[in-house]
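Peer 1: need coordinates for the below:
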Amino acid sequence: MTPSIVDSMAGQHEVLDARLIATAHHLDAGAMAAAGAALVELAAGLRQHIEVEEAHLFPAFEALPHADLAIAVEMRTQHRNLEQLVAAMRAALDRRDRSTALHAKAALHAALGRHDDDEEAICAALDRGLDAGARAQLIAQLGR
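Peer 2: Model (predicted):
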């Protein structure tokens with residue numbers, strides 16, 4: 001069976017989820033320095049994931065004959081929002097403002113959930129719309 005794009009991206013989400021959980025765990029425990037270090041890892045992974053989506057996933061989706069282009073536009077907007085939430089959390093941690101960091105964490109968690117749902121819809125459309133060779137090529141690009 002040909003690998004799916006949904007499964008390929010789910011692997012990236014597992015890594016990001018683990019980094020978010022680590023950040024949240026430290027923040028919830030009041031370990032601000034450890035939360036900050038974990039957030040650096042989360043931010044780097046999220047940045048790489050966003051770059052992969054914008055460079056490969058979205059263009060492939062937008063090339064599908066019946067793609068709902070509004071979803072890709074919305075997801076790009078979500079990316080900017082995610083980046084702003086990470087920056088807000090970073091600023092709060094730098095100020096040692098745990099309350100604001102906790103609010104940013106909750107907002108980031110919710111925003112990532114919405115983003116993951118939209119991404120899964122795009123990936124499912126690509127799994128349906130691409131032949132096995134094109135799917136394999138895209139999966140290789142997404143794994144970089």
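Peer 1: got any ranges where the protein has weak pLDDT?
Peer 2: 1-2, 144 (pLDDT under 70).
Peer 1: how about the helices in it?
Peer 2: Assigned by DSSP state H, the chain shows helices spanning 5-28, 32-52, 58-62, 69-94, 98-129, 132-142.
Peer 1: from the contact counts, what lies against the first one?
Peer 2: It refers to helix 5-28. Counting contacts by 3 or more C-beta pairs under 8 Å, 6 or more residues apart in numbering; DSSP states H and E, helix 5-28 is packed against helix 32-52, helix 98-129, helix 132-142. Heads up, the C-betas are built off the backbone N, CA and C, glycines and all.
Peer 1: adding distance to residue 82 and mean neighbour count, write the ones you listed out as a markdown table.
Peer 2: What follows is the helices and strands packed on helix 5-28, written out as a markdown table (distance: least, C-beta to C-beta, whole Å; neighbours: other C-beta atoms under 10 Å):
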| stretch | distance to residue 82 | mean neighbour count |
| --- | --- | --- |
| helix 32-52 | 6 | 18 |
| helix 98-129 | 6 | 17 |
| helix 132-142 | 18 | 15 |
